[in-house]
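K.L.:
quick one: sequence plus predicted model below, questions after.
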Amino acid sequence: MRIPTESCPQIRKALSRLGALALTGLLVLFSLLSVGCRASLELMAQKEIGKRPVSRVYLSGLKYFEDLMNQGKVPGVKSPESVVQ
């Protein structure tokens, strides 16, 4: 069966759209997978940090400093957004 030559550009255009849609779907799937892996790795890291007493002291100090920053009580720091963590 022969396809008329005038419909070939339409077929190519449809296949191009289908390919773009498939690529977009794969990128979305990959993004969701990577976000899920990152969240689970962060949770595992938090659990491991919580097991070590020195880490707990460090994190509580960091939290205290962050609270002071948010209240504007840290000299030389105008806003919490200006501090690089």
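P.N.:
Perfect, thanks for sending it.

K.L.:
for this structure, give me the ranges with low pLDDT.
P.N.:
1-7, 35-38, 79-85 (pLDDT under 70).

K.L.:
where along it do the helices fall?
P.N.:
Here the chain has its helices, by DSSP state H, at 8-51, 53-71.

K.L.:
okay if I get those helices as a markdown table plus distance to V77?
P.N.:
C-beta: built from backbone N, CA, C; applies to glycine. As requested, the helices of the chain are exported to a markdown table (distance: least, CB to CB, whole Å):
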| stretch | distance to V77 |
| --- | --- |
| helix 8-51 | 25 |
| helix 53-71 | 6 |
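
K.L.:
save those as TSV, and put in mean neighbour count too.
P.N.:
As requested, those are exported to TSV (neighbours: other CB atoms under 10 Å):
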stretch	mean neighbour count
helix 8-51	10
helix 53-71	11
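
K.L.:
let me know which of those helices is the nearest to K78.
P.N.:
In terms of CB to CB, the element of the helices of the chain nearest to K78 is helix 53-71, at 10.0 Å.

K.L.:
from the contact counts, what lies against that closest one?
P.N.:
helix 8-51 (3 or more CB pairs under 8 Å, 6 or more residues apart in numbering; DSSP states H and E).
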